[in-house]
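# fold the stuff below for me.
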Amino acid sequence: MLKQLCVCGVLLAATATAQPRQAARFGQVPTCLHDAAETTEHRARREQAVRLAKAIVERQGEVAERVRVYSPLNALRNLPPAPRGFDVRVYTDRAGFVVSLKDSLDPCKFGIFSDESGFVYEKAPLSAPLIAR
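A predicted model of the protein is given here:
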C-alpha cells in the first residue's frame, strides 16, 4: 500500500516493500515507472493497459449502438487481460461512461482514462490528493 506525504509541494512516496528503483527518501522525488527511464517491463505493462482501455471504449461503443445504454465492466466480452498492478474501474450511466486504469505499482500514480468521447488519455496526477482527516 502506498503512503503519500506532501511537503512544500513535493510528493513523497514510500512503500513497505519498495524496490530500490521505486524507493523515495525524505526530500527526494520518487522515481516514476512510466517516464523517460521506463523499463521494457513497465513499457509492456503500460502498452497492455492502453490496449485494454481502447478495447473497453470499443466494446462500449458496440453495446451502445445495439441497446442504447453503456455496460458495466463485467458485461463487456472479449477484453484483453488487465496488466499486473493496474486497477481498472468503469462507471456508467445513461449519458456515458468513464474508464480508469491506475498503476498501483507506480509511486507517481500513472493513470489511463477515457469516456464515451473515445479519446484515451494517459499521465500522472498533477498533485497529491486531498485527504480528509
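# surely Ile56 forms part of a helix?
Yes: counting by DSSP: H, G, I helix; E, B strand; the rest coil, Ile56 falls inside a helix.
# in space, what's closest to it - neighbours in sequence excluded?
Excluding the flanking residues, the one nearest Ile56 by C-beta to C-beta, 6 or more residues apart in numbering is Val99, at 4.9 Å. In this view, the C-beta of every residue, glycine as well, is placed from N, C-alpha and C.
# just Asp93 next, same as before
Distances taken as C-beta to C-beta, 6+ apart put Tyr70 closest to Asp93, at 7.5 Å, once the chain neighbours are dropped.
# Arg77 too?
Nearest non-adjacent residue to Arg77, counting by C-beta to C-beta, 6+ apart: Arg59, 7.1 Å away.
# just the helices in this structure please.
Secondary structure of the chain (DSSP state H): helices located at 40-67.
# related to what we said a few turns ago, please tell me the pLDDT value assigned to the residue nearest to Asp93.
Looking at Tyr70, its pLDDT reads 95.
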